[in-house]
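**Q** from the sequence below, what's the structure:
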Amino acid sequence: MTHQNSQSNSPHSLDHIFHPRATALFGVSTNAKGMASGFLTSLIEQKYHERSPLYIINPKADEISGIKCYPNLQSIPGPVDHVISLVPEKIVPALVQQAIEKKVNSVHFYTAGFSETGDPDRAALESKIVGELTEAGIRVIGPNCMGLYVPSEGLAFMNGFPETPGNVAVISQSGANAGDMIQGMSRRGVRFSKGVSFGNGADLKAHHFFAYLAEDPETEVITAYLEGVQEGRNFFKAVKRLAQKKPVILLKGGLTAAGARAAHSHTGSLAGEIKIFDAMCRQTGASRAMTMEDLHDFTVGATTSMKNIKGTGVGLVSGGGGFAVLSADAIAMAGLDVPPTPEATKSKLREFVPIAGTSINNPIDTNTGGDIKIWERTIRTVADADNIDLVLGTLPWSSSATDQDKLTREQLEEEIDTYIKMIVSIQNDTGTPVAMLLRQRGDDRAAAHLFELAAYKNKIPCFATVSRAARTAAEMLAWGNRRAGLPSLF
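**A** Numbers count the residues shown, from 1 in each chain. The predicted model follows:
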């Protein structure tokens, strides 16, 4: 029994892969260390075994971590839909035969040592085993990859992944980058529908997962790290179809000769011509991230109020003249404007902003001294200005970093909630998105992190620097403009 796709009467052909009735770990060792042992611990952490049967194949053990072991797949009494291969490549042929006899749906090969090595014999072995499985109707993820993360099912390949599902899908050729994307973005509040590390892509490739995600009702935004483009025409068609339905953010590795060599030795991928990749992003309406920071930031931008930016005018509300000068430069270098404060707005600000030690010329320094009411009125007044399309603000924190240490968790959360409600009200009333700059100083990192998580839940974006906020805002604006003639995503 597979989960039904709510958009049609029958599920997508790959849907069962993400919703296995039972999973078997093939080759868990009693003294496993490193990444191989992480599959078992992460599945237990996600409580997969409490939702669905979880089996371990190890003929030399009765149980591992409280999970019963079996000598082979055939000895498992019930059906097995998904198999994760943790054995060396020399054991893989036996695994393949057992999987075929057991009639499993999918096999994920964490096992490496195939085509990515560049060895013709190992590449031939990969082709042989994948061919045998696919001929039997079994889909293959990998080899040389971390596989699946599906929080709604309790599937995960690393510890520390969020258990709560969300609306962002992650696709990555690199397992390490997949982990960094999920863990890094989750620290900013992002939650995920699916995560896939597909490695060599001997069977299932990026375009197969893109085609699936286009129909997946649980996924609203797709973000991907790619090294090589496999089956270019099919890839282009899949990205185009996906990008017409949902925001797609792509990061391409292997831009330089050194990067291309690394990509080829890593997953056996040929990096391809970056100009072609650029053209593909423009033609399909996908967003192209230049760095991993971009990918994280653009994902935050596409899933918060920043996606609603309508123009280039940025109002900066912060403390400190030097910070304002550098920030104005960063905003301008991103292709946005820091327009002068309109006279009507200045008149409103003069009503409550003290003259000494302040500036009401954009960038604006109201020197609130921790007065949350002055801060709120400043943000609201600037957001309401005719030439402002985005407000970047810093928090005054009514309590200092030292005082925050004395607050209980509940008191700190109440203070944060006050700020969040104010920002939400300002955005709703003015129609201008507000992004927060978390200038972490001293010991306020914990408070800043709590604020960021609460802000994201309310669609308020947070950034570590003005440069990253400005670059994200510029991309959201340019991305929307590039999509002229395509269905609006924002």
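
**Q** can you tell me what sits against stretch 459-473?
**A** 188, 293-294, 297-298, 300-301, 303-306, 309, 314, 316, 326-327, 330-331, 333-334, 336, 390, 392, 420, 423-424, 427, 433-438, 440, 451-452, 455-456 (C-beta atoms under 8 Å, 6 or more residues apart in numbering). (C-beta placed from N, C-alpha, C; glycine too.)

**Q** pull out the buried members of these.
**A** Among these, those scoring as buried are 188, 293-294, 297-298, 300-301, 303-306, 309, 314, 316, 327, 330-331, 334, 336, 390, 392, 420, 423-424, 427, 433-438, 451-452, 455-456 (criterion: 16 or more other C-beta atoms under 10 Å).

**Q** for residue 318, give its distance to residue 95.
**A** Residue 318 is 58 Å from residue 95, where distance means C-beta to C-beta, to the nearest Å.

**Q** same check on residue 179?
**A** 24 Å.

**Q** also residue 18?
**A** Remark: distance between residue 18 and residue 95 (C-beta to C-beta) = 21 Å.

**Q** what sits against residue 238?
**A** 206-208, 210-211, 214.

**Q** give me the distance from stretch 364-373 to the chain's centre.
**A** 34 Å (C-alpha atoms, centre = their mean, to the nearest Å).

**Q** likewise for stretch 180-187?
**A** Centre-to-centre, stretch 180-187 and its host chain are 6 Å apart (C-alpha atoms, centre = their mean).

**Q** in that stretch, what's buried?
**A** 180-182, 184-186.

**Q** stretch 209-218 now?
**A** 209-216, 218.

**Q** contacts for it?
**A** The list of residues contacting stretch 209-218 from outside it, by C-beta under 8 Å, 6+ apart, reads 5-8, 12, 14-15, 152, 165, 167, 169, 171, 193-194, 196, 198, 219, 222, 224, 235, 238-239, 241-242, 245-246, 248.

**Q** mind checking which of these land in strands?
**A** Judged by DSSP state E, these include 165, 167, 169, 171, 193-194, 196, 222, 224, 248 as members of strands.

**Q** may I see those arranged in a markdown table, with pLDDT as well?
**A** Below are the ones in strands among the contacts of stretch 209-218 laid out as a markdown table (pLDDT from 0 to 100):
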| residue | pLDDT |
| --- | --- |
| 165 | 98 |
| 167 | 97 |
| 169 | 98 |
| 171 | 98 |
| 193 | 98 |
| 194 | 98 |
| 196 | 98 |
| 222 | 98 |
| 224 | 98 |
| 248 | 97 |
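
**Q** which two of the residues you listed have the greatest separation?
**A** 165 and 248 (19.7 Å; C-beta to C-beta).

**Q** pLDDT below threshold where in the stretch 201-350 of the chain?
**A** In the predicted model, the stretch 201-350 of the chain carries pLDDT under 70 at residues 254-273, 319-321.

**Q** could you redo the last one with a cut-off of 80?
**A** Residue ranges of the stretch 201-350 of the chain with pLDDT under 80: 254-274, 319-322.

**Q** which residue ranges form the strands in the stretch 301-450 of the chain?
**A** Counting by DSSP state E, counting those that start in this stretch, the stretch 301-450 of the chain has these strands, from start to end: 314-317, 390-394, 434-437.

**Q** which strands and helices lie in contact with the last one?
**A** Spelled out, that is strand 434-437. Using 3 or more C-beta pairs under 8 Å, 6 or more residues apart in numbering; DSSP states H and E as the contact test, the elements touching strand 434-437 are strand 390-394, helix 409-430, helix 445-457, strand 462-463, helix 466-482.

**Q** what strands flank it, and is each parallel or antiparallel?
**A** Here strand 434-437 has these sheet partners by DSSP bridges: strand 390-394 (parallel), strand 462-463 (parallel).

**Q** how about TSV for those, with mean pLDDT and distance to residue 89 added?
**A** Below are the strands paired with strand 434-437 laid out as TSV (pLDDT from 0 to 100; distance: least, C-beta to C-beta, whole Å):
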stretch	mean pLDDT	distance to residue 89
strand 390-394	96	52
strand 462-463	97	44
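
**Q** skipping adjacent residues, who's closest to residue 291 in space?
**A** residue 251 (7.5 Å; C-beta to C-beta, 6 or more residues apart in numbering).

**Q** quick check, that neighbour in a strand?
**A** Yes: assessed with DSSP: H, G, I helix; E, B strand; the rest coil, residue 251 lies in a strand.

**Q** near it, how many other residues are there?
**A** Number of residues near residue 251 (other C-beta atoms under 10 Å) recorded here: 23.

**Q** ok, now which ones touch it?
**A** With C-beta under 8 Å, 6+ apart as the criterion, the residues that contact residue 251 are 223-226, 288-292, 294-295.

**Q** ok, now how distant is it from residue 454?
**A** From residue 251 over to residue 454 the distance is 28 Å, taken as C-beta to C-beta.
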